[in-house]
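> have a look at this prediction, sequence included:
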Amino acid sequence: MRKAELADKGRIISIWSEAFYDNKSVNHILQNDGHKKDRIRYLMGYSFEQCRRSGEVYVSDDGDGCALVQYFDRKKPTWIRLRLT
C-alpha cells in the first residue's frame, strides 16, 4: 500500500461508492431517489477530503483497494465545532 495522491481521488471515490452503496447507515442519511449514486459519490468525496486534511488515505499497489484513517485529535477547530463544545 502507498499513500494516496490527489490523482487517486476518482478511483478511491468509485471504490468507496461501490462498497457503501447498500450500507444501511449511509442509506439512512441519504435520500433514496434517482440521484442516490451521485449523493454517495459526493459523500465519499467529502470523506476523502476530510481524511486528507486530518488523517491519511492509502491505496493498494494494484489500485483496487483503499483505506482511510481519520485522526480526530488532528481535526482543526472551526467556529461551529467551538460553539458546540
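Good, I have the coordinates.

> please make it C-alpha for all contacts and neighbour counts, starting now.
Will do.

> residues in contact with the residue nearest the centre of the chain?
Using C-alpha atoms, centre = their mean, the residue of the chain that lies closest to the mean C-alpha position is residue 47, 2.4 Å off. Contacts for residue 47 (C-alpha atoms under 8 Å, 6 or more residues apart in numbering) come out as none.

> so which helix or strand takes in it?
Per DSSP states H and E, residue 47 falls inside helix 36-54.

> residue boundaries of the strands in this protein?
Taking DSSP state E as the test, the strands found in the chain are 2-3, 55-59, 66-70.

> quick one: which of the ones you listed is nearest residue 39?
strand 66-70 (19.3 Å; C-alpha to C-alpha).

> tell me the mean pLDDT over that closest one?
The predicted model gives strand 66-70 an average pLDDT of 91.

> give the buried residues for it.
66, 67, 68, 70 (16 or more other C-alpha atoms under 10 Å).

> now the third one: closest residue in space, sequence neighbours ignored.
Distances taken as C-alpha to C-alpha, 6 or more residues apart in numbering place residue 57 nearest to residue 68, at 4.5 Å, with adjacent residues excluded.

> residue 71 is in contact with that neighbour, correct?
No - at 11.2 Å, residue 57 and residue 71 do not qualify as touching, with contact defined as C-alpha atoms under 8 Å.

> between these two, which is the more surrounded one?
For residue 57 and residue 71, the more surrounded residue by other C-alpha atoms under 10 Å is residue 57, and the numbers stand at 24 against 13.

> report the contact partners of the residue lying closest to residue 59 once chain neighbours are set aside.
Taking C-alpha to C-alpha, 6+ apart, and ignoring the residues beside it in sequence, residue 59 has residue 66 as its nearest neighbour in space, at 4.2 Å. Contacts for residue 66 were tallied using C-alpha under 8 Å, 6+ apart; they are 12, 15, 57, 58, 59, 60.
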